[in-house]
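Visitor: Sequence first, then the predicted structure, then my questions.
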Amino acid sequence: GGLGGGDGVEFGWCMRVKFVIMSVVVAIQGMCLSQATILWPFFLRDNYGWDTQNYSIALFVTSLTTTGGLGLIPMFERRWGSRPTAVFAMLLAGASGMLSFVMAKQHTVAIMLHVALMGTCITALTVVDPCLKSLASLCMSQGAQGRSFGFMATAQAIGSMTGNLAAPYLYSTSNHYAMGSSLPMSIACVLLLVASGATYLVIVPNPREKAKVHKLDYLGPLMPKRLDKES
């Protein structure tokens, strides 16, 4: 019963706790992505005087890199595995997002660096989404896949709403103190650091699950075939 579902494979409370932790990681990813997407135009307007046309060009370039990143994720997972790929993507997103706000200066090279770093942050946060969900699915049985993905979608939506509400307040608060505009992305960086650590530590399968993890790493997150009954 519950999220575990029965299909011939034991998924006890420990695996369910792992699934809940991974759902929190998915919520953090959704919150940080919405926060970055909301705050970027504010930052470009306030610091560089960019209008909507300039921002749309930067967002278009970011969309292209995101599309390319999504296409490359299966290759990265086949080479390094799902867990290292997800951890690296979240660390990259956190570091590039914070640096893009902290290091922004008023000259051409700095502006180009800011756009490149922020584009990297948004791209990494977007492409890590299917990777995290494929990892979370390892914690649940085949019979519970529908409910588990619904639970993750709800967690991600809550994270996105939290980011939408908190980002403008944190941005305005940050501007009133000595931190400039870097407070929101600094918080996001810390959260992504925690999320990447949780992902690395939590998804450690027991010997019974190792073959399944190996096969899922080979297939990649875009081929979510369940292999519970093949071990």
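Guide: Yes, it's here.
Visitor: Give me the three-state assignment for residue 79.
Guide: Of the three states, residue 79 takes helix under DSSP: H, G, I helix; E, B strand; the rest coil.
Visitor: For it, give its distance to residue 72.
Guide: To residue 72, residue 79 is 10 Å away according to CB to CB, to the nearest Å. All C-beta atoms are positioned from the backbone trio N, CA, C, and that covers glycine.
Visitor: Helices along the chain, start to end?
Guide: Under the criterion DSSP state H, helices of the chain are mapped to 13-48, 52-80, 82-102, 108-137, 145-175, 183-202, 210-219.
Visitor: Please identify the deepest-packed of these.
Guide: Burial of the helices of the chain is given as mean neighbour count (mean count of other CB atoms under 10 Å); helix 82-102 ranks first at a mean of 23.
Visitor: same for it, what does it pack against?
Guide: In terms of contacts (3 or more CB pairs under 8 Å, 6 or more residues apart in numbering; DSSP states H and E), helix 82-102 is packed against helix 13-48, helix 52-80, helix 108-137, helix 183-202, helix 210-219.
Visitor: pLDDT (mean, whole number) over the longest one?
Guide: What that stands for is helix 13-48. Per-residue pLDDT over helix 13-48 has a mean of 87.
Visitor: got it, and the fourth one?
Guide: Averaging pLDDT along helix 183-202 yields 87.
Visitor: What of the second one?
Guide: Confidence over helix 52-80 (mean pLDDT, whole number) is 84.
Visitor: Check which helices and strands that helix sits against.
Guide: helix 13-48, helix 82-102, helix 108-137, helix 210-219.
Visitor: cutoff 6 Å now
Guide: Where contact means 3 or more CB pairs under 6 Å, 6 or more residues apart in numbering; DSSP states H and E, helix 52-80 is packed against helix 108-137.
Visitor: Measure how the helix it packs on sits relative to helix 82-102, angle-wise.
Guide: 150 degrees (axes from the mean of the first three to the mean of the last three CA atoms, to 10 degrees).
Visitor: starting at the chain centroid, how far to helix 108-137?
Guide: 8 Å (CA atoms, centre = their mean, to the nearest Å).
Visitor: relative orientation of that helix and helix 52-80 in degrees?
Guide: Helix 108-137 runs at 50 degrees relative to helix 52-80, counting by the same axes, to 10 degrees.
Visitor: just to revisit the earlier point, between the helices and strands packed on helix 82-102, which one is closest to residue 92.
Guide: Nearest to residue 92, of all the helices and strands packed on helix 82-102, is helix 108-137, at 4.7 Å by CB to CB.
Visitor: how much does that closest one deviate in direction from helix 183-202?
Guide: If you take the same axes, to 10 degrees, helix 108-137 sits at 40 degrees to helix 183-202.
Visitor: so what does helix 108-137 touch, helix or strand wise?
Guide: Looks like helix 108-137 contacts helix 13-48, helix 52-80, helix 82-102 (3+ CB pairs under 6 Å, 6+ apart).
Visitor: hmm, 7 Å instead?
Guide: Here helix 108-137 touches helix 13-48, helix 52-80, helix 82-102, helix 145-175, going by 3 or more CB pairs under 7 Å, 6 or more residues apart in numbering; DSSP states H and E.
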